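S.K.: got a predicted structure plus its sequence, pasted below:
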Amino acid sequence: MNTTAKQKEQPVNSGRRSFIASLIIGVVGFSSLMKREALAGPPGRGGKGRGGIYRGQRGMGASDPSMKADQSLIRALLNGRSQIRRQIKMLPNGVETLTETDNPQLRTVLVQHVQSMKQRVEQVRPIHLRDPLFAALFRNAKKVSMMELTATPKGVHVIETSNDPYTVKLIQAHARVVSLFVKNGQLEVRKNHPVPNSG
Ligand code: HEM
């Protein structure tokens, strides 16, 4: 009799144990999911929820292997911004810019950044989409007819043009924003920059 009672009890106990185990797994799973969501920040914002440079690229890491390298170059430029000087000249069809530094390492970073951004524009691989100006620039990237970059002993000389009048405005607005990045650093990167009027 006793043996039978024990035998009957076993499945009940093991059933209870597995119920408790799945409850624990559920709670742990749910809380780690919540933590991950908190790190990712609000939906549609991307990045690490810190409001930094890279919001707008959520989930792009896997499909865009150069994103990490670009992010670290940009971080180095922002950190070294006090050593960077920049002149911009508006052209009827675009911009001409000269960005330089006396720091040889920073110069290398600058040249690499511009080479990489040129490829992003040519291949339409956006970065910094959270900012409406960058989003508009990449939507019109196919209309950028020329981005000619020449490395100088201290930096980089760029001529960027378009035959499309609206894209000219975007290129010019972007060049002004790059100057503001140099002036104001991360504070400026956090801002959304307005797109120019189409008229
Ligand atoms: C101190 C900071 C930075 C410096 C010195 C810098 C420098 C430059 C330069 C010289 C160009 C070539 C076009 C021009 O001269 O106007 C350029 C293009 C570009 N930069 Fe940066 N940059 C900085 C920060 C950033 C940041 C924070 C982003 C975005 C997260 C960014 C994204 C781009 C993109 C997308 C382009 C190509 C777009 C185009 O020229 O049409 N840059 N940058």
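M.R.: Looks like it came in fine. Numbers count the residues shown, from 1 in each chain.
S.K.: count of residues packed around the spatially closest residue to Val121 that is not a sequence neighbour?
M.R.: Distances taken as C-beta to C-beta, 6 or more residues apart in numbering put Ala141 closest to Val121, at 5.0 Å, once the chain neighbours are dropped. Glycine gets a C-beta too; all of them are placed from N, C-alpha and C. Residues contacting Ala141 under the criterion other C-beta atoms under 10 Å number 19.
S.K.: cool, and the one 3 residues further on?
M.R.: As a burial measure, Val144 scores 23 neighbours (other C-beta under 10 Å).
S.K.: and it, what pLDDT?
M.R.: We note a pLDDT of 98 for Val144 in this prediction.
S.K.: try Ser66
M.R.: Model confidence at Ser66, given as pLDDT, is 94.
S.K.: list the contacts for the residue nearest to Val121?
M.R.: By C-beta atoms under 8 Å, 6 or more residues apart in numbering, Ala141 lies in contact with Val121, Glu122, Val124, Pro126.
S.K.: now do it against Val109, distance only.
M.R.: If you measure Ala141 against Val109 using C-beta to C-beta, to the nearest Å, the figure is 23 Å.
S.K.: the contacts of Ala141 into a markdown table, with extra columns for secondary structure, distance to Val189 and pLDDT?
M.R.: Listed next are those as a markdown table, based on DSSP: H, G, I helix; E, B strand; the rest coil; distance: C-beta to C-beta, whole Å; pLDDT from 0 to 100:
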| residue | secondary structure | distance to Val189 | pLDDT |
| --- | --- | --- | --- |
| Val121 | helix | 19 | 98 |
| Glu122 | helix | 23 | 97 |
| Val124 | coil | 22 | 97 |
| Pro126 | coil | 15 | 97 |
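S.K.: which ones among those residues also lie next to the ligand?
M.R.: Contacts with the ligand are made by Val121 out of these, judged by C-beta under 6 Å from any ligand atom.
S.K.: in the chain, which ranges drop under the pLDDT threshold?
M.R.: 1-62 (pLDDT under 70).
S.K.: again, 90 this time
M.R.: By pLDDT under 90, the low-scoring segments of the chain are 1-65, 198-199.
S.K.: the strand or helix carrying Gln71 near the ligand at all?
M.R.: Applying DSSP states H and E as the criterion places Gln71 in helix 67-79. Yes: Helix 67-79 lies within reach of the ligand by C-beta under 6 Å from any ligand atom, at Ile74, Leu77, Leu78.
S.K.: who wins on neighbours among the residues you listed?
M.R.: Per-residue neighbour counts (other C-beta under 10 Å) across the residues of helix 67-79 next to the ligand peak at Leu77, which has 23 neighbours.
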